[in-house]
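Chemist: Using only what follows, build the 3D model:
(chains A and B)
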Protein chains: 2
Amino acid sequence: MPQTNRQVRLAARPLGLPRPTDWEFTSEPVRMPGPGEFLVEVSYLSIDPAMRGWMNAGVSYIPPVEIGAVMRAGGTGRVAVSEHPGFAVGDYVYGTFGVQECAISDGRGVLKLDTSLAAQTTYLGALGMTGLTAYFALLDTGKAKEGDTVVISGAAGAVGSVAGQIAKIKGCRVIGIAGGAEKCRLVTEEFGFDAAIDYRLPHLRRKLREMAPRGVDVYFDNVGGEILDDVLACLARGARVIICGAISQYNETEVRGPANYMMLLVARASMTGMLVFDYADRYPEAMAELAGWYRAGRLVSRETVIPGTVEDFPETLLKLFDGANTGKLILEL
Amino acid sequence: MPQTNRQVRLAARPLGLPRPTDWEFTSEPVRMPGPGEFLVEVSYLSIDPAMRGWMNAGVSYIPPVEIGAVMRAGGTGRVAVSEHPGFAVGDYVYGTFGVQECAISDGRGVLKLDTSLAAQTTYLGALGMTGLTAYFALLDTGKAKEGDTVVISGAAGAVGSVAGQIAKIKGCRVIGIAGGAEKCRLVTEEFGFDAAIDYRLPHLRRKLREMAPRGVDVYFDNVGGEILDDVLACLARGARVIICGAISQYNETEVRGPANYMMLLVARASMTGMLVFDYADRYPEAMAELAGWYRAGRLVSRETVIPGTVEDFPETLLKLFDGANTGKLILEL
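Modeler: Residues are numbered from 1 along each chain as shown, chains lettered A, B, ... in the order given. Below you'll find the predicted structure:
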């Protein structure tokens, strides 16, 4: 049992990329769980692009992290002490435990993990919120169906790589967009997309037109910016654009809106935002399907695990925005 | 029977606002209709913001008007000579007759008008494509329903003024956005909206928040630009944004994309483009409903009729873009 709990707190709201001065490292004595509570020792922290949004002030889909508060983060860990009838010492769990070594929980929003099926880290990847986001965004918001041409940006990333695999399983033709030759290789060879386009090379729009001559039926957008405009120019009639993220814009002080949005009219298309939390009552069915594909070897979960301590969180977060990360980025404590 | 047919043809593709040199005036002898054809003397031309888009090169929902071709336009008129079994001399008709005094038609896409119910001009307004656009956009694309807060831009314009009245009939709370005090007065007093906001005054977004404290359920966008961004910032959860037009952008060489589009994610909202032509098989049911409301005095059709000749078309078109027009703009020949 640890005696102290080291934590990372938000010290200031960043402008642009978070800087070291936007964080504060603290530590406090570990308190024992009360009745109906348990103590989790956090093993792995989920490092997500959405975290950047949580650092901003103002109204969003979730309240911002307050200045001085422990930074919000999903994570997995082991129950170390329990006064909760539903959670036993030794259980592995997922929850929004925050960027800290230990967390007290009352069990709300906490899921137990079957570590005989997959490693803890996979429950932050394909079998976690990442996989659930890809699943509901693609199939519910995007209504992807057999025969559709599906384009996915951030295709080598956590959500994109799972979305592409699900689209393949559902019988779609899948084109990934990623940055650099190595990521594009990964997208086709490891994740099994039909094709990949390197957005760092010129003529993205022309290549997309060549690869999707009848237009794009579903666009799964994780990046925003210029790539969104390029894909909007290539929509098929009745296309569905899923707004899942906009990583290219999260550190911009002026967001670039999609100048080609009138293609929605030309193509009678829709652009719809989604949040996985809205599907909480359907997590079990989706998890069952994802786990089935995983078990059958049809779904690969790629995790990039960085060993470290909570103090390595600020630097690890920046890896999301420098274009080097592939798959799910995880900080191992 | 006229002997010559005066026409307006597209001479050049405009950059920005169309200039006199973008048009060419021609005249040719009137030819007699062949078997299965009839000759229409055009009485009224529908002057539409969409015309600006038809003048541009490139892929859209409809082929561009070719250089040298008669400018595309909807219009109404009287059948003067007929070799068509379905159309008799004296019938009043609507069709895409073009900016010219006479047109030969084979009847495809031509509707007969009941001039005992309403004037020809009303069939270019509330009982024409304008009314049908408002109807399907609001009810089908936007899924407006009783109790919704509906915001409509271009509220004093042709489509917006009808959309707001339909929304009121359906039991929505309706806020119009228009330019200037006189238009705002018209929106509330003549068209019966619950409230109007003058976008030329400051603090549009703040006013909208005050008037729609629980957020905007349906936004019917006819204008694009800054107003679209302001309304996106005020969406209620699950909101539907209807992309019907973007008149503020049609003469811009660089379109302003909606920088607030990530509010679609925050609000789990959708933004969907619509084109009335897709609903052709449902025109009769919608027309019956619109005509019923019109007959009962529940639907006002406002038409601004400019008397002139086809040569007045270029100048009349510009009236759409200077902010002075209200209701349906029509050129009377």
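Chemist: A:S60 - that's part of a strand, no?
Modeler: No. A:S60: not assigned to a strand; according to DSSP: H, G, I helix; E, B strand; the rest coil it is coil.
Chemist: what residues are up against it?
Modeler: Each residue near A:S60 by C-beta atoms under 8 Å, 6 or more residues apart in numbering or on different chains is listed here: A:G53, A:W54, B:V266. To be clear about C-beta, it is placed using only N, CA and C from the backbone, and glycine gets the same treatment.
Chemist: Now list the buried members of the residues you listed.
Modeler: The neighbour-count test (16 or more other C-beta atoms under 10 Å in any protein chain shown) applied to those identifies A:G53, A:W54, B:V266 as buried.
Chemist: In helices, which of those appear?
Modeler: Restricting those to those inside helices, with DSSP state H as the criterion, leaves A:G53, A:W54, B:V266.
Chemist: Show the contacting residues for the residue in the stretch 1-150 of chain A that chain B sits nearest to.
Modeler: Shortest the stretch 1-150 of chain A-to-chain B distance, computed as C-beta to the nearest C-beta: residue-wise this is A:Y61, at 4.8 Å. Shown in contact with A:Y61 (C-beta under 8 Å, 6+ apart): A:L275, A:F277, B:L265, B:V266, B:A267, B:R268.
Chemist: from the buried ones among the contacts of A:S60, which is closest to A:L15?
Modeler: Sorting those by how near they are to A:L15, with C-beta to C-beta, puts A:G53 at the top with 13.9 Å.
Chemist: where are the low-confidence patches of the stretch 151-300 of chain A?
Modeler: Confidence mapping of the stretch 151-300 of chain A against pLDDT under 70 gives zero matching residues.
Chemist: Please, where are all the strands along it?
Modeler: Remark: strands assigned in the stretch 151-300 of chain A by DSSP state E, counting those that start in this stretch are A:173-178, A:195-198, A:216-221, A:235-243, A:270-273.
Chemist: between the fourth one and strand A:216-221, how many degrees?
Modeler: Between the axis of strand A:235-243 and that of strand A:216-221 there is an angle of 20 degrees, by axes from the mean of the first three to the mean of the last three C-alpha atoms, to 10 degrees.
Chemist: Near A:I152, how many other residues are there?
Modeler: By other C-beta atoms under 10 Å in any protein chain shown, the residues close to A:I152 number 36.
Chemist: what's across from the nearest residue to it once chain neighbours are set aside in the sheet?
Modeler: Taking C-beta to C-beta, 6 or more residues apart in numbering or on different chains, and ignoring the residues beside it in sequence, A:I152 has A:F220 as its nearest neighbour in space, at 4.3 Å. A:F220 forms beta bridges with A:I152, A:I242, as assigned by DSSP bridges.
Chemist: related to what we said a few turns ago, in ChimeraX, how would I select just the buried ones from the contacts of A:Y61?
Modeler: What follows is the ChimeraX syntax selecting those of the contacts of A:Y61 that are buried according to 16+ other C-beta under 10 Å:
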select /A:275 /B:265,266,267,268
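Chemist: Name the residues of chain A found near chain B, please.
Modeler: Residues of chain A lying near chain B by C-beta under 8 Å from any C-beta of the partner chain: A:59-61, A:224, A:229, A:243-246, A:249, A:254-275, A:278.
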